[in-house]
Each structure stands twice: as C-alpha cells, then as structure tokens.
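Undergrad: predicted model, plus sequence, below.
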Amino acid sequence: GKTVVFNPTVAGRQVYALFGFVTINGFSDQLRALDRDVMILINDVAGVVHDEVYRWALGDSGQCNKNLGSSFLMVFRIGDFKEVHEKQARATDVVFSSNEKRAKKSSNLRRRKQQQGVHHGRGGTPRARAAKKSGRGSDTLQLAS
C-alpha cells in the first residue's frame, strides 16, 4: 500500500477506523525491578504488538500508531465513509433476504406440520395420543432425578 502523510492544512476525508489499546500489566513494578533493562521488555512487547497488528490488518490497513511507555495505540483502517456505507447496504440486503427465505421455509414447515396433524385425525399423531392415554399430556413437565 502507499503511505499517506497527515497534513493538517489540507482538507481531509472521513474514514472508519478501529482503535485498539494495549498495556503492559504491572509496568511500574517491572520498571523498578528491571531498571535499565526495562527497554528490553518494552521492545519485546512492541515486536509482538507490531507483528500482530501487521498480521491481523492484512498488511496495510493497520498500524501501531503510538507508544506511550507501557501502552501502545493501534489503528485499523476499515474504509472510506462512502465505501463502508455501500458495503453496509449490500450486507443489509443479504441479511434481510436470508431472513425472508428462512421465514418462508418456516411457514412451509408449519403448514406441513398442520397437515400431518389433520392427517392423523382429531387426536393428532400416534405419539400425542399415547401421551394423552397415559396421562402425560404435552403440557406436563417430568424431571428425572
């Protein structure tokens, strides 16, 4: 990807981004214990954080933006404002068309179950008739111990 330098005097554009924050637990205790060698710890952690940001950002959409001593700020660029809204609209269409298909399948299944109940006569299915005969209605809950 190409590198873009921030210039506050030029009009910008809106983008969506995800921000992450990583901190080293117990840093002040480790700072006292490690003294000058604390930089080795920070550099080791920074190496892991940078590698993971690169790995999860697919190479070019994320960066470890700032080191604050015991903390790191990460930024993952999701996309331009217009691009994200177009993808959201497409995803919404997919989700709702899937829901409509599911509702249609559910309606067909309900209709088939009702037809089976009619097919077995007034008492319903053989299993339901046996349950009623034994006194175990469908609304009775029996717990095993």
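TA: Sure thing, it's come through. For clarity, every value in this text was computed on a predicted model and none was experimentally measured. Numbering: from 1, shown residues only.
Undergrad: where in this protein is pLDDT low?
TA: 1-4, 59, 117-145 (pLDDT under 70).
Undergrad: which helix is the longest one in it?
TA: Once the chain is assigned using DSSP state H, the helix that runs over the most residues is helix 81-119.
Undergrad: elements contacting that helix?
TA: Under the contact definition 3 or more C-beta pairs under 8 Å, 6 or more residues apart in numbering; DSSP states H and E, helix 81-119 sits against strand 15-23. Placement of C-beta: from N, CA and C, glycine included.
Undergrad: residue 21 reaches residue 68, doesn't it?
TA: No. The criterion here is C-beta atoms under 8 Å, and residue 21 misses it with residue 68 at 9.1 Å.
Undergrad: closest to the centroid, which residue in the chain?
TA: The chain has residue 18 as the residue nearest its centroid, 13.1 Å off, counting by C-alpha atoms, centre = their mean.
Undergrad: surely that residue touches residue 75?
TA: Yes. With contact defined as C-beta under 8 Å, residue 18 counts as touching residue 75 (7.5 Å).
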